[in-house]
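**Q** after the sequence you'll find the predicted model.
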Amino acid sequence: MSIASQDSSGKKSSYLRIATEEAYQPKEIPGLYRKLIEEKTVNDPGFLSQWGYFLGNAEKMQKLAGRLVDIGEGRIRDMDSTGIARQILSIASPGVQIFDAATGTSLATTFNDELAEAIAKHPDRFSGLGAVAPQNPAAAAKELERCVTKLGMKGVIINSNTQGEYLDEPKFYDILAAAEALDVPIYLHPSTPPARMIGPLIEAGLEGAFYGFAVETSTHLLRMIMKGVFDRFPKLQVVAGHAGEGLPYWLWRFDHFQHNYQESNRFPHMPKLKRKVSEYVKENIPITTSGMFWEPVLLFCQQVVGIDRLMYSMDYPFQYSANEVKTVDNLPISDADKKKLYQTNAERVFKLS
């Protein structure tokens, strides 16, 4: 893996590049999604818009699907060409969360077994996050435990809201408790906003990666903070991609207004938090660079949350570009900090050996 120990100028570097939010898709998924759309068994405007577009665009879907389903030599060639030493693989959004509870639970088990088999063929290049179906929280907690203790997964991915429901709701506490007890992270990946949120976004074509993903996922994270999830589960780590889905930019304002919200009787149903909002973000929400390869943003995140809480991600294959690696290579930070960003932070958070 010599290419992974060089920077973009070809000089030897002291770090390996670990990419932490890299999507794959089981080969059965497009057909299952198409069936949901054709049989009109799902009434989710964001899913119908996004996957209706992908499945209706044969050329784009064929190119994207080829990279998504490949957990082997083709993917490794792409990694080598951009200097990526290891990918942490996770199922593409919305994964199994769009199905009914029984179907989603069954598919999660099957897909996790398949992912573990693929990783076992290239253990020096791939690690994985398990898929769970929060539609059945008890089963999801058990599958999380199986993924970690039996399959060697490094945590789980949850593609944000599950059919309009959020992880701050008590019905999902079993999942959060299992992640905390096992000391593994939940990667909270974006999904399209649910029906009750999506209206103004979808009207302007903003429901997906353009903006809606960040709006929906940052809302999810803030709900978890404000409704006391991290006071109940203080060691829980919930990873947020795309430079923290915008949260770092707002930290001062969150703290400024938190006192007004917490000390007034305006929201009597809300708990009194033990810490500042900014402290939960800095201590419970590691962030990744996925899809946000702009030097001012990356340096701002480093300044606000600290280099020890920032991890690299390419967001493969949706954003696959050697130029994005070069942006990180060329950041005006020390090699020691680049090693943290690229390698050692991910090794710590995901417990990579």
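**A** Yes, it's here. These numbers come from a predicted model, not from an experiment.
**Q** surely K235 is in a helix?
**A** No: assigned with DSSP: H, G, I helix; E, B strand; the rest coil, K235 falls outside any helix and is coil.
**Q** and the nearest residue to it once chain neighbours are set aside, how close does it get to A141?
**A** Nearest residue to K235, sequence neighbours excluded (Cβ to Cβ, 6 or more residues apart in numbering): E180, at 5.2 Å. For glycine as for every other residue, the C-beta is placed from the backbone atoms N, C-alpha and C. Distance, E180 to A141, by Cβ to Cβ, to the nearest Å: 11 Å.
**Q** now for the helix ranked longest in the chain, which elements pack on it?
**A** When the chain is parsed with DSSP state H, its longest helix is helix 101-121. The helices and strands touching helix 101-121, judged by 3 or more Cβ pairs under 8 Å, 6 or more residues apart in numbering; DSSP states H and E, are strand 86-91, strand 126-128, strand 130-131, helix 137-149.
**Q** E180 and A141: which is more packed in?
**A** A141 (22 against 17; other Cβ atoms under 10 Å).
**Q** the more buried one against I175, yeah?
**A** Yes: using Cβ atoms under 8 Å, A141 is in contact with I175, at 5.0 Å.
**Q** helix, strand, or coil at the residue nearest to K235?
**A** helix.
**Q** so what pLDDT did it get?
**A** What the model reports for E180 is a pLDDT of 98.
**Q** next: Y320.
**A** 93.
**Q** in the helix or strand containing I198, what's buried?
**A** Assignment of secondary structure by DSSP states H and E places I198 within helix 195-202. Neighbour-count burial for helix 195-202 flags 197-198, 201-202 (criterion: 16 or more other Cβ atoms under 10 Å).
**Q** ok, the residue nearest to K235 touching R232?
**A** No: with contact defined as Cβ under 8 Å, E180 does not count as touching R232 (9.3 Å).
**Q** for T219, give its distance to L201.
**A** Using Cβ to Cβ, T219 is found at 12 Å from L201.
**Q** how about E21?
**A** For E21 relative to L201 (Cβ to Cβ), the value is 22 Å.
**Q** try I71
**A** For I71 relative to L201 (Cβ to Cβ), the value is 32 Å.
**Q** P193 now?
**A** Distance from P193 to L201, by Cβ to Cβ: 6 Å.
**Q** for S90, same thing?
**A** On the measure of Cβ to Cβ, S90 and L201 end up 24 Å apart.
**Q** likewise for G244?
**A** G244 is 20 Å from L201, by Cβ to Cβ.
**Q** before we move on, what about V325?
**A** Taken as Cβ to Cβ, the span from V325 to L201 is 31 Å.
**Q** again with E279
**A** 30 Å.
**Q** go on, A195?
**A** 11 Å.
**Q** also G164?
**A** Following Cβ to Cβ, the distance that separates G164 from L201 is 15 Å.
**Q** where along the stretch 201-350 of the chain do the helices fall?
**A** Along the stretch 201-350 of the chain, counting by DSSP state H, counting those that start in this stretch, helices occupy 212-226, 229-232, 242-245, 247-263, 277-284, 295-305, 322-329, 335-339, 345-349.
**Q** lowest-confidence stretch among those?
**A** helix 247-263 (a mean of 90).
**Q** quick one: residues in contact with that one.
**A** 218, 221-222, 226, 240, 267, 270, 272-273, 276-278, 281, 285, 287, 300-301, 304-305 (Cβ atoms under 8 Å, 6 or more residues apart in numbering).
**Q** could you rerun that using 10 Å?
**A** 214, 217-218, 221-222, 225-226, 240, 243-244, 266-267, 270-273, 275-282, 285, 287, 297, 300-305, 309-310 (Cβ atoms under 10 Å, 6 or more residues apart in numbering).
**Q** and the least confident helix or strand in the chain by mean pLDDT with strand 86-91, angle?
**A** Here the helix or strand of the chain ranked lowest by mean pLDDT, DSSP states H and E is helix 58-69, holding a mean of 83. Calculated by axes from the mean of the first three to the mean of the last three Cα atoms, to 10 degrees, helix 58-69 forms an angle of 120 degrees with strand 86-91.
**Q** who's the residue nearest to G244 when sequence neighbours are not counted bridged to?
**A** Leaving out its chain neighbours, the residue that sits closest to G244 by Cβ to Cβ, 6+ apart is I287, at 3.8 Å. Following DSSP bridges, I287 is listed with bridge partners A240, L310.
**Q** give me the number of residues near I287?
**A** Residues lying near I287 (other Cβ under 10 Å) number 24.
**Q** that one against V281, yeah?
**A** Yes: I287 is in contact with V281 according to Cβ atoms under 10 Å; the separation is 8.3 Å.
**Q** quick check: neighbours shared by those two?
**A** Joint contacts of I287 and V281 (Cβ under 10 Å, 6+ apart) are 240, 244, 247-248, 304-305, 309.
**Q** many thanks, we can stop here.
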